[in-house]
Structures are given as C-alpha cells and as structure tokens.
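> Sequence and predicted structure below; questions after.
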Amino acid sequence: MCDYSLQSVKSRPAKIGDKLAVRDFGTGTRGFAASEDATVAVCVLPGTELAFAHEVKRLPTRLWPWHDDSAIEHKTAIFRQINKDKVAAHHDALEFPDGQVVLLTCLEEDQEATVLQLPAAPRNDVESETQRRAAYVG
C-alpha cells in the first residue's frame, strides 16, 4: 500500500484520526510515518483526505532561486497515486484544492498531517480502479 521504495519498511494502514509526519525513510523516497513510531510507514489509500498542521512546504526546486514556490497555500489535500503505469517512478502524491498535484517525496520532512477521512469502499469497477495502488515489481 506504500510507494514502491517503501516495500522493505515496516508499515501499517492509515486510520481516521492518525497523526502522521512526512519522513525520509532512507530508501530513496519520503512517506508518512506514524506519530507513535517514526520507523513505521503509514500507507494511505488513494482518496484519503488529510489536513496539515501548517501550510505545506515542498523541497526547493532551485530552478529560479528568486522565486519562492516552496510553500503551498493550502492545509488540506487528497492522497492520490500517479504514474501507475511506470514501474520505477514515485507514485504517492497529494492533490490540493487548487488542483495542484505534488509528489509526497518532494515535501519537506517533519510536516504533520491528520487523516480526516478514508475513501469510501468502491461500489463498481471504475471506483475500484481509482483506489488501486500501483503494483510493486521487485
């Protein structure tokens, strides 16, 4: 249920009310860690709604050093998976209210988020496909 590079990290599924933190697990990606144990990755299903404690900060791109685009002026996001057709790509992302999609691995560490709502159980094949996690190939 977590991004492909977190498959070797101890993990558990997200629950409503979970307090999470963005963490670098030393595997080439960032993910959400459990507040009770920073070594446990918390796997979030696509469609899960999250609320951050503060404006979300992404890592600086340094493409235009005079332009600070590191802060995202939203505190809520929906967890998505992108690039599902690409095996060796990061999949875990957040979609913000303005439609902006940012890979979770591009966020600064130690940002705190709370799980507000899990996605509803899929009722048909289309909904099931939107919640399908990218396959792990190892």
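Here it is on my side, so go on.

> So which helix or strand of this protein has the lowest pLDDT on average?
Among the helices and strands of the chain, helix 125-131 carries the lowest confidence by mean pLDDT, DSSP states H and E, at a mean of 66.

> Does Arg80 touch Leu45 like I think?
No: using Cβ atoms under 8 Å, Arg80 is not in contact with Leu45; the gap is 10.3 Å. C-beta coordinates here come from the backbone N, C-alpha and C atoms, glycine included.

> Neighbour count: the two, which is higher?
Neighbours per residue, other Cβ atoms under 10 Å: of Arg80 and Leu45, the larger number sits with Arg80, 19 against 15.

> what does the helix or strand in which that one is found contact?
According to DSSP states H and E, Arg80 maps onto strand 76-81. Strand 76-81 has contacts (Cβ atoms under 8 Å, 6 or more residues apart in numbering) with 44-52, 56, 91-97, 101, 113, 116, 133-134.

> Report the buried members of these.
44, 46-50, 52, 56, 91-96, 113, 133-134 (16 or more other Cβ atoms under 10 Å).

> Keep only those of those residues that are in strands.
Glu49, Leu50, Phe52, Val56, Asp92, Ala93, Leu94, Glu95, Ala113 (DSSP state E).

> Next, count neighbours for Arg30.
The burial count for Arg30: 25, using other Cβ under 10 Å.
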